[in-house]
Structures are given as C-alpha cells and as structure tokens.
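> Return a 3D structure for these sequence lines:
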Amino acid sequence: MTGTAGDGLASAFEELLESPQGELLSATSDMLRKHAKAFVVLFFLTMMVGYPLAGEAVEWLLNQDDLVPSDVEIVVLQPLELVILQLQLAAHMAVAVVVLALILDLAWNVGRDERIRSQLAEVALPFAPALTRVLIAVSFSVGLAILGLWYTLDFLLPLLLDYLHADASSVGLTANWQLAAWIGFIAGLCLGSVVGFQVPLLTLLALRGGLVERSMLTGYRRHIFLVAFIVGALLSPPDPLSMLLVAGPMIILFEVALLLDQLLPSSCPRIEARLLRARIPHGYAGPLRWPRRSRPARPPSASSPLR
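Residues are numbered from 1 along each chain as shown. Purely as a prediction, here's the structure:
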C-alpha cells in the first residue's frame, strides 16, 4: 500500500511539473535565481537601516500604557539582550522588505520575459502579467496588513496582556516581564495577524485565477478551520479564549472572501471554461485535470530488440 501511495504521489507530482502551472513555476524560479544577489544585498542594507528603527520601535512599545499594565516592570536579564532583540527586529523588517521587493520584481519583469508570458497565456491568469493589477493586489495586501496590526495592537494585545497579568496577580505573583519575551510575544501576534489577514486576498486570487475551485474550498472548509485554530494555538497563549481571538478573524475573513467571490461578477475564465475550450465532452463528470503533454519518442537504444 505504501508503494502504491508513493507511486501515486510521484505521478501527481510529475503531472504537475508537466502542466502549464508547473512550467510557469519553473520559468519564474529561473528568473528569481538571476536576481538572488540583489535580494541578498537588499536584505543586509535593510538590516543596517532597520537596526536603529528597531530601537525606536522598542521605545514606542514601552511607552504604550495599553501594553504595559501599571504594576508591571519590564526587565532586562542579559547585557546583550537589547542588542540581540534589535537585530532580530531588523531581520524581520529586512525579510518583509525583500518579500515586497520580490513581488514588485515579479510584477515588473513578468511582462518582459517571453517564456513566462507564453506560459501565462496557457495558464490563463489574466491578473498576473498586468503590472497595474499586481500593484493593486500589493496595495490591498498592505492595507490588510495594517488592518491586522490595528486589530492586534488596539484590541487583541491589551486584552491578552491584561488577562495574563490578572491571572498571575490572582495567585500573588509579582509581574516582572522580560523585555525579549515581551517583545517576542507582541511580534509573534503581530506577524500572525499580518499573515492571517491576507486570507481574503489569497482566497480571491486563487478563485479568480482558476487555481482552485470554489467547491474544493467549501468541501475542505472544516480542514481550513482546523488549520486556522492550529495557527492560533501556536501564536497565542495556551487557552481557548486566546486561540479563538487569533483564529476567529482568519475564519471570518475566509468566509467574507467566499461571499465576495459569489457576489462579484467574474471577469476572468475559470477552469471549467478552459476545459470546455479544450473540447471536454458534454456531461463529463471525471476529475478535472490538465491534459498531459505528449513527450517526443525516444530513439531505441543499442540493446533494444527493435534494432
């Protein structure tokens, strides 16, 4: 049974590589490898600029009354704790800048690369080659990230920190929070909210681009909810309320994306339309798969019985 499952997985992977999506992924990875050095330089430059900015961010967080209860002391336990913390925050900034530059680089160069353009024509993703639409998607992504940060800093974190402080005070403990652990807790929740609030954008892009079908997402809705709760459990304290406050927005935004996909008119072809153009027989109820491309016949080897 294990061998059969492995053969099926290998066959599915090979089919994916031979599909237009697989060839598009290969062409895009080749283009990104050419710019790898530029991304590395950008990462270290952002680290240099982000180090002093990280210090200002730590100072700003310490001055927020909502994030530091009145009788809580933020302490430093190691001599280099603040320096290491600033380096970590600067690295997070550098990763965010590199990811944004990567998206813009793809949007700028995808229209110039003839190989990628030809593959995009086969995959039929009308939003991908248009620089304007990619910039709009990036703008929405930044807006959703800001919304996630606002939700975390103004609602989620004050509620959780007050709850944790009250829980510790109820048993007579003195609240002294380590600076690195406190900042790490805040940064983890902020990062989780920024990523989680991208759910509606990713869902709409996948649906409108024909990468997945609506029936697939609705069919695996329970599994998606389970993944959201797992992410919430990893990013929040180990209690049901914290997990619900982190996972709840992701689930709600996912449902909002499905509702928007149903209400908004479709302006791009879906998988079914492309299969109809490929002359799929009417009433076909089999699995929707991309047709495999025929490979050129190999010449017979010297030991072949056909010679």
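> so where is the stretch 201-307 of the chain shaky, pLDDT-wise?
Within the stretch 201-307 of the chain, the stretches with pLDDT under 70 are 209-211, 237-238, 265-307.
> Now with 80, please.
Along the stretch 201-307 of the chain, segments meeting pLDDT under 80 span 205-214, 232, 235-242, 264-307.
> same thing with the stretch 51-200 of the chain?
Scanning the stretch 51-200 of the chain for pLDDT under 80 picks out 70, 99-100, 102-138, 172-175.
> on contacts alone, who are the packing partners of the longest helix seen in the chain?
When the chain is parsed with DSSP state H, its longest helix is helix 81-109. Helix 81-109 sits against helix 20-34, helix 36-62, helix 131-151, helix 179-196, with contacts defined as 3 or more Cβ pairs under 8 Å, 6 or more residues apart in numbering; DSSP states H and E. For the C-beta atoms, the positions are set from N, CA and C on the backbone; glycine is no exception.
> mind running it again at 7 Å?
helix 36-62, helix 131-151, helix 179-196 (3 or more Cβ pairs under 7 Å, 6 or more residues apart in numbering; DSSP states H and E).
> Give me whichever of those is most buried.
Highest mean neighbour count of those: helix 179-196, a mean of 19 (counted as mean count of other Cβ atoms under 10 Å).
> Taking helix 81-109 as reference, get the angle to it.
Taking axes from the mean of the first three to the mean of the last three Cα atoms, to 10 degrees, one finds helix 179-196 and helix 81-109 inclined to each other by 20 degrees.
> Contacts for the next helix or strand along the chain from helix 179-196 next, please.
Once the chain leaves helix 179-196, the next helix or strand it forms, by DSSP states H and E, is helix 199-208. Here helix 199-208 makes contact (Cβ atoms under 7 Å, 6 or more residues apart in numbering) with 127, 137, 140-141, 144, 212, 214, 250, 253-254, 256-258, 260-261, 266, 268.
> and Asp66, what is it in contact with?
Asp66 makes contact with Pro158, according to Cβ under 7 Å, 6+ apart.
> Trp177 too?
Contact analysis of Trp177 by Cβ under 7 Å, 6+ apart lists Val72, Ile74.
> Starting from the helix or strand it falls within, tell me which strands it pairs with and how they run.
Using DSSP H and E, Trp177 sits in strand 176-178. In the sheet, strand 176-178 lines up against strand 73-75 (parallel) (DSSP bridges).
> ok, and what's touching the partner strand?
Contacts with strand 73-75, where a contact means Cβ under 7 Å, 6+ apart, come from Leu62, Val68, Asn176, Trp177, Gln178, Leu179, Trp182.
> got TSV for those residues, with distance to Ala38 too?
What follows is these, written out as TSV (distance: Cβ to Cβ, whole Å):
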residue	distance to Ala38
Leu62	36
Val68	40
Asn176	45
Trp177	40
Gln178	38
Leu179	35
Trp182	36
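> quick one: which two of those residues are the most distant?
Across the contacts of strand 73-75, no pair lies farther apart than Leu62 and Asn176, at 14.3 Å, counting by Cβ to Cβ.
> Can you redo the helices and strands packed on helix 81-109 as TSV, where the extra columns are distance to Val231?
Output for these, formatted as TSV (distance: least, Cβ to Cβ, whole Å):
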stretch	distance to Val231
helix 36-62	23
helix 131-151	13
helix 179-196	7
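> closest to Val171 out of those helices?
Val171 lies closest to helix 179-196 among those, at 19.2 Å (Cβ to Cβ).
> Show me the contact partners of the closest one.
Applying Cβ under 7 Å, 6+ apart, the external contacts of helix 179-196 come out as 58, 61, 67, 74-76, 81-82, 85, 92, 145, 148-149, 151-152, 156-157, 231, 235, 246, 249-250.
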